[in-house]
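Novice: here is a sequence together with a model predicted from it:
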Amino acid sequence: MREDYKFDIKARSPWSSLNGINKITISPAKQGIEAAITIPGSKSLTNRALIMSALADGNSKVSDILKSDDSYWCIEALKQLGAEIELQDDIVYIKGSGGHLRSNDLYIGAAGTIARFLPGVLAASREGEWNLEASESMSKRPIAPLIHALRQLGAEIDYLAKKDYYPLRIKGKYVKGGEVSLSGSISSQFISGVLIAAPYFNETTRVTIKDGIVQHAYVFLTLDLMKEFGADVQYDNALQQIVINPSPYKAKDILLESDASAACYFLALAAVTNGRIRINGLAEKTKQPDIQMLDIFEKMGCKVIKGASFIELEGTPQLKGGFEISMKEISDQALTLAAIAPFADGPITIKDVAHIRYHESDRISVICEALKELGIRTEEFEEGLKVYPGAPKPACLNTYDDHRVAMALALIGSKVEGIQLNDPGCVSKTFPEYFSLLEELGLEVKR
Ligand SMILES: O=C(O)C1=C[C@@H](OP(=O)(O)O)[C@@H](O)[C@H](O)C1
Ligand SMILES: C=C(OP(=O)(O)O)C(=O)O
């Protein structure tokens, strides 16, 4: 176990689950898994829509939001900034501030989407001053390329403790805009963070990307939503140059899609148990990148039915392996594939995901550690890993305060009796009901 590991209780919100539960044990379902389920709203769309509605002048209604730690801290921050927000079940009514934000100290939890999307927005808010504090894990994740780009555009942002990391101090002023070139090779969120704020800069902003973008689809999600909220943006399909004219967001009513990343755990569950799961309310046409996992499941021998408003996956008695795959564009699913890989009939190599070492944990190192603990032969590379077929043995595994580590490793409990996970509550970052849903589907979950 890595020595610096402890979970950050402060980042768990009132919407988190499993508070005070140190360990959970997962064992296979007694019967075959066959179900139709609905997954909560997309984390990425929820926090984008909340921020844009809070900036718009007027009343917006955002329906089918995700209720998790990431969205809780987003809503709290926006309230502190002066947005009037009312919540009814999973519908949020927001009276936006028209871009005039109240000075306050803000805590943003462990959410990359808030950490990378708020600084530009605050900096361009003409007046006001904010200290922004993030969770321990978020305070270790990179933000320097974003802050550097925003400063180049005229923003006043200082590091309050360690250079290049949270916490931040931001002074609102007129941000000029203009030309900026930034890197998307560690996180696409740096680009989204500049784009979301750019309609509030004084002049037209022209963004060019210095090198690659790790997950292009999230930048397209940003641009699509900006257009829906009335921003004036132009871009080419290769995202070589993105142009944003000053064009404040307009209030609107919006219904959000289910979270494709969260859906993938249940598709993987059907795949690995030879079960059948239908996800209602999510279609192949979504622009969320993780829907591309369907191609991987098909490659592994699963049958996928793509309906107009659902996705269904039927597993197979023996998953196929023996392939290498680049997961650069769908890297939130790298751990999901790694967790089901031991059950395939040949090794699986996951490539091009060096950037996931900078997510909530060093995901490549953590998943390799867990698989080894389970007795699975695993090779770790700088940019990925190779997992060999094997029979995992029961083990007690660390989740490193990383929701995707916990959700992926829990899938092994659908095949192997007695998989124990420490700090299962970390799933609350994006999916507080995760273990309850596994239980409803028949898995044995002992808290
Ligand atoms: O913009 C977004 O909503 C996201 C972008 C991706 O981050 P990176 O580009 O940092 O990998 C993804 O991993 C994250 O879960 C959500
Ligand atoms: C990387 C992730 O989150 P974040 O939005 O905090 O970057 C994730 O959800 O896997």
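Specialist: Arrived safely, thanks for sending. Numbers count the residues shown, from 1 in each chain. Ligands and ions are numbered 1, 2, ... in the order given.
Novice: so where's this protein shaky on pLDDT?
Specialist: Along the chain, the model assigns pLDDT under 70 to residues 1-5.
Novice: list the strands paired with the longest strand belonging to it, with their directions.
Specialist: In the chain, assigned by DSSP state E, the strand with the most residues is strand 205-213. Its sheet considered, strand 205-213 pairs with strand 178-184 (parallel), strand 241-245 (antiparallel) by DSSP bridges.
Novice: give me every residue in the stretch 301-447 of the chain lying close to ligand 1.
Specialist: 331-332, 355 (Cβ under 6 Å from any ligand atom). C-beta here means a position set from N, CA and C on the backbone, and glycine is covered the same way.
Novice: so which of those residues are also by ligand 2?
Specialist: Asp332.
Novice: need the residues of the stretch 301-447 of the chain next to ligand 1 in CSV with secondary structure, neighbour count and distance to Arg377, can you?
Specialist: Below are these laid out as CSV (DSSP: H, G, I helix; E, B strand; the rest coil; neighbours: other Cβ atoms under 10 Å; distance: Cβ to Cβ, whole Å):
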residue, secondary structure, neighbour count, distance to Arg377
Ser331, helix, 24, 23
Asp332, helix, 25, 25
His355, helix, 21, 25
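Novice: and the residues of the stretch 301-447 of the chain next to ligand 1, which is closest to Trp130?
Specialist: Distances from Trp130 to those, taken as Cβ to Cβ, are shortest for His355 (27.7 Å).
Novice: verify the contact between the closest one and Ser188 for me.
Specialist: No. Counting by Cβ atoms under 8 Å, His355 sits too far from Ser188 to count as a contact (9.1 Å).
Novice: now do the shared contacts for those two.
Specialist: Here His355 and Ser188 have Val214 as joint contacts, going by Cβ atoms under 8 Å, 6 or more residues apart in numbering.
Novice: Ala338 and Ala263, how far apart?
Specialist: Between Ala338 and Ala263 the computed distance is 18 Å (Cβ to Cβ, to the nearest Å).
Novice: er, Gly346 I mean
Specialist: 26 Å.
Novice: higher neighbour count, the two?
Specialist: Neighbour count, other Cβ atoms under 10 Å: between Gly346 and Ala263, Ala263 has more, with 28 against 12.
Novice: residue contacts, the more buried one?
Specialist: 39, 279, 282, 290, 311.
Novice: need the residues that contact the longest strand of the chain.
Specialist: Counting by Cβ under 8 Å, 6+ apart, 153, 177-185, 188, 191, 194-195, 198, 219, 239-244 sit against strand 205-213.
Novice: near ligand 2, which residues of this structure show up?
Specialist: 111-113, 332, 359, 404, 430.
Novice: who wins for neighbours among those?
Specialist: Result: Arg404 is most packed of the residues of the chain next to ligand 2 (other Cβ under 10 Å), 30 neighbours.
Novice: let me have the residues of the stretch 301-447 of the chain next to ligand 1 in CSV, extended by distance to Ala268.
Specialist: What follows is those, written out as CSV (distance: Cβ to Cβ, whole Å):
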residue, distance to Ala268
Ser331, 15
Asp332, 12
His355, 21
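Novice: skip the chain neighbours and tell me the closest residue to Ile419.
Specialist: Once flanking residues are discounted, Ile419 sits nearest to Gly413: 3.7 Å by Cβ to Cβ, 6 or more residues apart in numbering.
Novice: how near is the residue of the stretch 201-350 of the chain found nearest ligand 2 to Ile242?
Specialist: Nearest to ligand 2, among the residues of the stretch 201-350 of the chain, is Asp332, at 4.3 Å (Cβ to the nearest ligand atom). Using Cβ to Cβ, Asp332 is found at 23 Å from Ile242.
Novice: residues in contact with whichever residue of the chain sits closest to ligand 2?
Specialist: As assessed by Cβ to the nearest ligand atom, ligand 2 sits closest to Gly112 within the chain, at 2.4 Å. The neighbours of Gly112, taking Cβ under 8 Å, 6+ apart as the test, are 138, 141, 187, 189, 359.
Novice: nearest to Pro14 among those?
Specialist: The closest of the contacts of Gly112, once distances to Pro14 are taken by Cβ to Cβ, is Met138, at 18.7 Å.
Novice: that closest one reaches Ile108, doesn't it?
Specialist: Yes. Using Cβ under 8 Å, Met138 is in contact with Ile108, at 7.2 Å.
Novice: between these two, which is the more surrounded one?
Specialist: Higher neighbour count among Met138 and Ile108: Ile108, with 27 against 24, using other Cβ under 10 Å.
Novice: which residue, neighbours along the chain excluded, lies closest to the more buried one?
Specialist: For Ile108, the spatially nearest residue (Cβ to Cβ, 6+ apart) is Ile114, at 4.2 Å.
Novice: for the one you found, give me its contacts.
Specialist: 47, 70, 73-74, 77, 108.
Novice: again with His403
Specialist: 360, 426-431.
Novice: mind redoing it with 6 Å?
Specialist: 426-427, 429-430 (Cβ atoms under 6 Å, 6 or more residues apart in numbering).
Novice: neighbours of the nearest residue to it once chain neighbours are set aside, how many?
Specialist: Once flanking residues are discounted, His403 sits nearest to Lys429: 4.1 Å by Cβ to Cβ, 6+ apart. A count of nearby residues for Lys429, using other Cβ under 10 Å, gives 30.
Novice: wait, isn't Lys429 in contact with Ser71?
Specialist: No. With contact defined as Cβ atoms under 6 Å, Lys429 does not reach Ser71; the gap is 9.9 Å.
Novice: so where do the helices sit in this structure?
Specialist: 43-55, 69-80, 112-123, 144-152, 189-197, 216-228, 260-273, 293-299, 334-340, 363-373, 403-410, 434-440 (DSSP state H).
Novice: buried sites along the last one?
Specialist: Meaning helix 434-440. Within helix 434-440, the residues that count as buried by 16 or more other Cβ atoms under 10 Å are 434-435, 437-439.
Novice: so which elements touch that helix?
Specialist: Under the contact criterion of 3 or more Cβ pairs under 6 Å, 6 or more residues apart in numbering; DSSP states H and E, helix 434-440 touches strand 444-446.
Novice: no further questions, thank you.
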